[in-house]
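Novice: Got a predicted structure plus its sequence, pasted below:
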Amino acid sequence: MVELYHWEPNGSFLKPLVALYEKRTPFTSRWFDPIAGEQLARGFPADTESSLQLEREGPILVHDGAVISSSFFLLEYINDAVPGANLCPGGAYQHYRARAWGQVLTGVSAGVSVLGCAKYLAPRLQALEPGTFQKRFGTLEPLERRQAWAAFANGSWSEEALAAVRERLKPPVRRIEAALARDPWLAGAEYSIADIDAFSTLNPLAPLAPDVINRGETPRVLEFLERMRAREAVRAALELSRSGKPLEAFLPGAEASRWG
Amino acid sequence: MLTLYHWEPNANSGKPMLALAEKGVPYQSHYLDLLKFDQHSPEYLAINPDGTIPALVHGDLVLTESTPMMEYIDEAFQGPALRPDSALGRWRMRWWMRYFDAYFAPSLSMIGWSVFVGPAVRQRDPAELRAAIERIPLESRRIAWRKAMFNEFTPDELEESRRRVVFSIGVLETHLREHRWIAGERYSLGDINGFNLGYALPLSQPERCNDRDTPHIMEWLRSIYERPAARETWAKARTHMGERVKMLERR
């Protein structure tokens, strides 16, 4: 039995949804509202790894009782454990490339999360009734997860800091643009989990940062996003949106860099 | 033809070194001296334009990300399997490698760079150091080197790194109390990754990582150190860094 605990189909939550639809394997969708703190409620699936929350917030897959977390490794797990199409085809080098992109895209997702949260999450948190935020997230563990939420509740992101985040996103996005000039897909000739990862990360970035993704500098990235949107699995995943605005659904994400 | 460009058997360089030794795969070793900035030389940048260590060159293929590189080594070469048989085991191995790479290692290395790498290069001419920084391709690495060279770590970020190291030692001890190895019942790349991160913890964090407080970490480290592949790998050390592993000898 496959159960996926997820929120709006955007960012890390979109990845396993697309993979499961690509596999054409039935699964149970368990929707939760992370801004209401439902992932912290008693009975929500958790284990040591999920509670450490390297991504701060993200999807959880429950498969035959095992709790699987961390969205890129969730893609690898779904490909390994769920029957259906092979989402990491090719040989050892193609697999290496997919995994190496997974590392690059984790860094990109950290920046995308900051931009999205500053624009969409912060106003929602700041509109909560006094005391509500503290009640929901005030004792959250681990500490970095609590601090990441508090940064947006307190509105502590300056325009200058956000411009710096956009600037740091340019090199990895240009690297993706260059890769798409060489091959149709990120890991090579065939579609893979790296493309699911890249679409989930870059699709929300395009409207947030037109100075990073645009027709002039990253035409292949835009073409790639359009190609991905046309896939049946991506369409099915996006249709799960309850708000109708999945590109406005952001949560605190992974840390960009410990070193500043 | 297989060539590994690496520094000491330590951190990212040590991961493919130990993985190749475990598989019994011979390779041409190309040592780069991190403290002399060999990794930013034009010759090496022609191989890895990012200027990061290690790099594995296998025929026409160049691999530069150390953790996915280990999975490549396990998949591309004959020898004992270094990944679990089950999907759940492989997921656990990958999750913990990310925990080591993204959470534990950056904090531990910040402390290491502040007390070792920075002082080791700081006595050189500041103009020479600034020129060396300018040659570093990646902004994230320029920031790291600038902080280390000119001692620009703030007290707050060092304190936060110390907090995370202490927290992570506790997390790892709890995990190893419940699991013989990182991914479960069998030695895997997760242990190779973790050993390269943590083999010197009993020396650098003696009040936190010792036989009394973290017996499971100590037994895990000693068990890996006793493997012939680890002995072979650490025998390739060229500096005193490699000596640190000897404190894992059982008395």
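Specialist: Nice, thanks for sending it over. Numbers count the residues shown, from 1 in each chain, chains lettered A, B, ... in the order given.
Novice: residue boundaries of the strands in chain B?
Specialist: B:2-6, B:28-31, B:55-58, B:61-63 (DSSP state E).
Novice: Looking at the ones you listed, which is nearest to chain A?
Specialist: For chain A, the closest of the strands of chain B is strand B:61-63, at 5.5 Å, according to C-beta to the nearest C-beta. All C-beta spots, glycine's among them, are computed from the backbone N, C-alpha and C.
Novice: Run me through the strand neighbours of that closest one, direction for each.
Specialist: strand B:55-58 (antiparallel) (DSSP bridges).
Novice: what's next to the partner strand, contact-wise?
Specialist: Residues from elsewhere that reach strand B:55-58 (C-beta atoms under 8 Å, 6 or more residues apart in numbering or on different chains): B:1-5, B:16, B:44, B:47-48, B:62-64, B:69, B:72-73, B:76.
Novice: Would you map the helices across the chain?
Specialist: Unless you meant another one, I'm taking chain A. A:11-23, A:48-52, A:71-81, A:92-116, A:122-126, A:132-137, A:143-153, A:159-182, A:193-202, A:205-208, A:219-229, A:232-238 (DSSP state H).
Novice: Actually, chain B is the one I wanted.
Specialist: B:11-23, B:42-45, B:66-76, B:87-98, B:105-112, B:118-122, B:126-134, B:139-149, B:155-178, B:189-198, B:201-204, B:215-225, B:228-234.
Novice: Could I get those helices in a markdown table, plus columns for distance to chain A, mean neighbour count and mean pLDDT?
Specialist: Putting the helices of chain B into a markdown table (distance: least, C-beta to the nearest C-beta, whole Å; neighbours: other C-beta atoms under 10 Å in any protein chain shown; pLDDT from 0 to 100) gives the following:
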| stretch | distance to chain A | mean neighbour count | mean pLDDT |
| --- | --- | --- | --- |
| helix B:11-23 | 12 | 25 | 98 |
| helix B:42-45 | 16 | 12 | 95 |
| helix B:66-76 | 4 | 23 | 98 |
| helix B:87-98 | 4 | 23 | 98 |
| helix B:105-112 | 4 | 21 | 93 |
| helix B:118-122 | 13 | 15 | 85 |
| helix B:126-134 | 14 | 13 | 88 |
| helix B:139-149 | 5 | 18 | 87 |
| helix B:155-178 | 7 | 16 | 97 |
| helix B:189-198 | 12 | 27 | 98 |
| helix B:201-204 | 17 | 18 | 96 |
| helix B:215-225 | 14 | 19 | 98 |
| helix B:228-234 | 20 | 18 | 98 |
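Novice: Would you tell me which of those gets closest to B:Arg251?
Specialist: Evaluated over the helices of chain B, closeness to B:Arg251 peaks at helix B:215-225, with 10.5 Å, by C-beta to C-beta.
Novice: looking at it, A:Leu105 is touching A:Phe199, isn't it?
Specialist: No: using C-beta atoms under 8 Å, A:Leu105 makes no contact with A:Phe199, being 10.0 Å away.
Novice: need the contact list for the residue nearest to A:Ile60 when sequence neighbours are not counted.
Specialist: In space, and not counting its chain neighbours, A:Ile60 is closest to A:Tyr5: 4.2 Å by C-beta to C-beta, 6 or more residues apart in numbering or on different chains. Neighbour list for A:Tyr5: A:30, A:32, A:39, A:44-45, A:59-62 [criterion: C-beta under 8 Å, 6+ apart].
Novice: Go again with 6 Å.
Specialist: By C-beta atoms under 6 Å, 6 or more residues apart in numbering or on different chains, the contact set of A:Tyr5 is A:30, A:32, A:60.
Novice: Against B:Gly184, how distant is the second one?
Specialist: Looking back up the chat, that one is A:Phe32. Computed with C-beta to C-beta, to the nearest Å, the distance linking A:Phe32 and B:Gly184 is 29 Å.
Novice: next one: B:Val117
Specialist: Taking C-beta to C-beta, one finds B:Val117 at 35 Å from B:Gly184.
Novice: Excluding residues flanking it in the chain, which one is nearest B:Ala21?
Specialist: B:Ala21 sits nearest to B:Ala229 (C-beta to C-beta, 6+ apart), 3.8 Å away.
Novice: Turn the helices of chain B into a markdown table, columns for distance to A:Arg124.
Specialist: A markdown table is the format used below for the helices of chain B (distance: least, C-beta to C-beta, whole Å):
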| stretch | distance to A:Arg124 |
| --- | --- |
| helix B:11-23 | 40 |
| helix B:42-45 | 46 |
| helix B:66-76 | 36 |
| helix B:87-98 | 29 |
| helix B:105-112 | 30 |
| helix B:118-122 | 43 |
| helix B:126-134 | 41 |
| helix B:139-149 | 31 |
| helix B:155-178 | 28 |
| helix B:189-198 | 38 |
| helix B:201-204 | 42 |
| helix B:215-225 | 42 |
| helix B:228-234 | 51 |
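Novice: Tell me which of those lies nearest to A:Gln94.
Specialist: Short answer: helix B:66-76, nearest of the helices of chain B by C-beta to C-beta, at 10.1 Å.
Novice: Packing partners of the closest one?
Specialist: helix A:92-116, helix B:11-23 (3 or more C-beta pairs under 6 Å, 6 or more residues apart in numbering or on different chains; DSSP states H and E).
Novice: The same query, at a cut-off of 10 Å, please.
Specialist: Judged by 3 or more C-beta pairs under 10 Å, 6 or more residues apart in numbering or on different chains; DSSP states H and E, helix B:66-76 is in contact with helix A:92-116, strand B:2-6, helix B:11-23, strand B:55-58, strand B:61-63, helix B:87-98, helix B:189-198.
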